[in-house]
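Student: Pasting the sequence and the predicted coordinates here, then a few questions.
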Amino acid sequence: MAESHAPNTNREELKRSNKDFAQEWAIDVHQDPYEIPLPKLNPAHNDLFEANTVLPYFERLRKECPVHLCEESQYGPYWSVTKFKDIMHVDTNHQIFSSDIMNGGIRLGGEILTEEPDPLTHLPMFIMQDPPKHEEQRKVVSPKFTPVSLKEFEPLIRERAGKILDELPRNEEFNWVRKVSVELTGQMLTTLFDVPFEDRHKLIHWSDTVERLNDPDFFDTLEDGFKELWKCFEYFDAVWKERASRPQPGSDLISMLVHGESTKNMSPNEYLGNILLLIVGGNDTTRNSITGGVLALNQYPDEYQKLIDNPDIIPNMVSEIIRWQSPVAHMCRTALEDTEIAGQKIKRHDRVVMWYVSGNRDEEEIPRANEFLIDRDRARHHLSFGYGIHRCLGNRLGEMQLRILWEEILKRFSRIELVGEPKYLRSSFIRGITDLPVMVRE
């Protein structure tokens, strides 16, 4: 997940100013996408996500060109796949559409690597591997996310959620993201990795860094951002050595990696890549769904009243929140052969983007998809966790955290009231919310 906008980057490009790059590709984020010539539509622009003005771009593409070629973008040429069934076709055909980092990886900006990759930026991880290596490494950590393991987490999550909520200021504005969403997911990460509780903010910082590598408000250059990520390696290298020295293997994720046949001999780059995958996967999806749910309920007050009147609807609501927020906006693949998607001819080595955020609003597949409905039929029928061999490993853990949090919220508060405008993450990969000003009402 830690690719730059040009992973085949030479050193000069790594040192290039993020501010200069952003200015070169500056756009009017409020321009009506129906006024832009169709071949020029570039829905992948980070600024559209930060401004929260991207959804009409996908609406137009679903109507007029569901499989769309953008020939010129800051990421190079790419195909946008915007309809539910077409996305499913790509996601479930890994033999044709590769996720491997050497073929470009899973996000915009990836390129087929024909030269020795830069050791600073090349971070392989199992989500960016094709079979059989993908299955071999995924299998190492998957026992942590079985129903039996998840059941053991429930009392701890409930205790922590209650404590977080009890410590919130009353009748006073605060940022829900920092006080609640980040806290709950950060605490869960410390448990999964078995690292000190007080280090949770370090984990969140490294997760944030992955999505802010080319954000000029955080790093002057890509090189600066990647150097910050390597501090994560230094931290977890010490954890690895400590786990390897234990007489008995532990049950945490690092111990699993230490003793896994397919992971025990990873290079530093691959170890860091997999650590970042687990941090981001354990943080961003759940965190942004926690926040997105509060925002959606405030935007749809009748749905909030449904929740208050019938708390038993929470599990169904959780699925609707995850669909509505679509916290992972896209995943990329690279075509390994000439093929077709919905009649469009895709050439070998073309980059193909599955826009989950668009497929989740495809009204041909999901009735009233542009409405937030917590009692929706078949609410789990969404794309937010992906499909096929790369389906999100921790999806049930994320759902459980949301369910428990909302059960505890309803025990304490009559409302969580939005009192200002949300701020959104500058990323076309993670559809995130950075600030949500609220007040809680008892």
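Tutor: Ah, there it is.

Student: And the strands in this protein, which stretches?
Tutor: Taking DSSP state E, the strands of the chain run over residues 67-70, 78-81, 97-98, 174-175, 330-335, 339-341, 344-346, 351-355, 415-418, 423-424, 433-435, 437-441.

Student: hmm, who's touching the fourth one?
Tutor: To tie it back to what came earlier, the one meant is strand 174-175. Residues from elsewhere that reach strand 174-175 (Cβ atoms under 8 Å, 6 or more residues apart in numbering): 168, 435, 436, 437, 438, 439. No exception for glycine: its C-beta is placed from N, CA and C like everyone else's.

Student: So which of those residues wins on neighbours?
Tutor: Within those, most neighbours by other Cβ atoms under 10 Å means residue 436, with 26 neighbours.

Student: Show the pLDDT at that one.
Tutor: On pLDDT, residue 436 comes in at 98.

Student: List the residues that contact it.
Tutor: So residue 436 contacts 175, 176, 177, 291, 294, 295, 418, 422 (Cβ under 8 Å, 6+ apart).

Student: I figured the second one was touching residue 416, is that so?
Tutor: This means residue 176. Yes: with contact defined as Cβ atoms under 8 Å, residue 176 and residue 416 form a contacting pair (7.2 Å).

Student: that older thread, out of the contacts of strand 174-175, what pair is the most spread apart?
Tutor: 168 and 435 (15.9 Å; Cβ to Cβ).

Student: sorry, back to before: for the contacts of residue 436, which one is nearest residue 71?
Tutor: Distances from residue 71 to the contacts of residue 436, taken by Cβ to Cβ, are shortest for residue 422, at 33.1 Å.

Student: And the closest one, its phi and psi?
Tutor: Dihedral pair for residue 422: phi -70, psi 160, per degrees, to the nearest 10.

Student: Output the contacts of residue 436 as JSON lines; include the columns pLDDT and distance to residue 42.
Tutor: As requested, the contacts of residue 436 are exported to JSON lines (pLDDT from 0 to 100; distance: Cβ to Cβ, whole Å):
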{"residue": "175", "pLDDT": "98", "distance to residue 42": "31"}
{"residue": "176", "pLDDT": "98", "distance to residue 42": "31"}
{"residue": "177", "pLDDT": "97", "distance to residue 42": "28"}
{"residue": "291", "pLDDT": "98", "distance to residue 42": "27"}
{"residue": "294", "pLDDT": "98", "distance to residue 42": "31"}
{"residue": "295", "pLDDT": "98", "distance to residue 42": "26"}
{"residue": "418", "pLDDT": "98", "distance to residue 42": "31"}
{"residue": "422", "pLDDT": "98", "distance to residue 42": "24"}
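
Student: Any idea which residue is closest to the centre of this protein?
Tutor: When Cα atoms, centre = their mean is applied to the chain, the residue found nearest the centroid is residue 328 (3.8 Å).

Student: From residue 276, how far out is that residue?
Tutor: Here residue 328 is placed at a distance of 15 Å from residue 276 (Cβ to Cβ, to the nearest Å).

Student: buried set for the longest helix seen in the chain?
Tutor: Ranked by number of residues, the top helix in the chain under DSSP state H is helix 268-299. For helix 268-299, a neighbour-count test (16 or more other Cβ atoms under 10 Å) marks 269-298 as buried.

Student: likewise stretch 164-182?
Tutor: 164, 165, 168, 174, 175, 176, 177, 179, 180, 181, 182.

Student: Stretch 91-105 too?
Tutor: For stretch 91-105, the neighbour count (16+ other Cβ under 10 Å) marks 91-92, 94, 96-105 as buried.

Student: Also stretch 23-36?
Tutor: By neighbour count on 16+ other Cβ under 10 Å, the buried set for stretch 23-36 is residue 33.

Student: and if you look at stretch 402-411?
Tutor: 402, 403, 404, 405, 406, 408, 409.

Student: now those residues as CSV including pLDDT and distance to residue 30?
Tutor: Shown next, in CSV, are the buried residues of stretch 402-411 (pLDDT from 0 to 100; distance: Cβ to Cβ, whole Å):
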residue, pLDDT, distance to residue 30
402, 97, 32
403, 97, 37
404, 98, 39
405, 98, 34
406, 98, 34
408, 98, 39
409, 97, 34
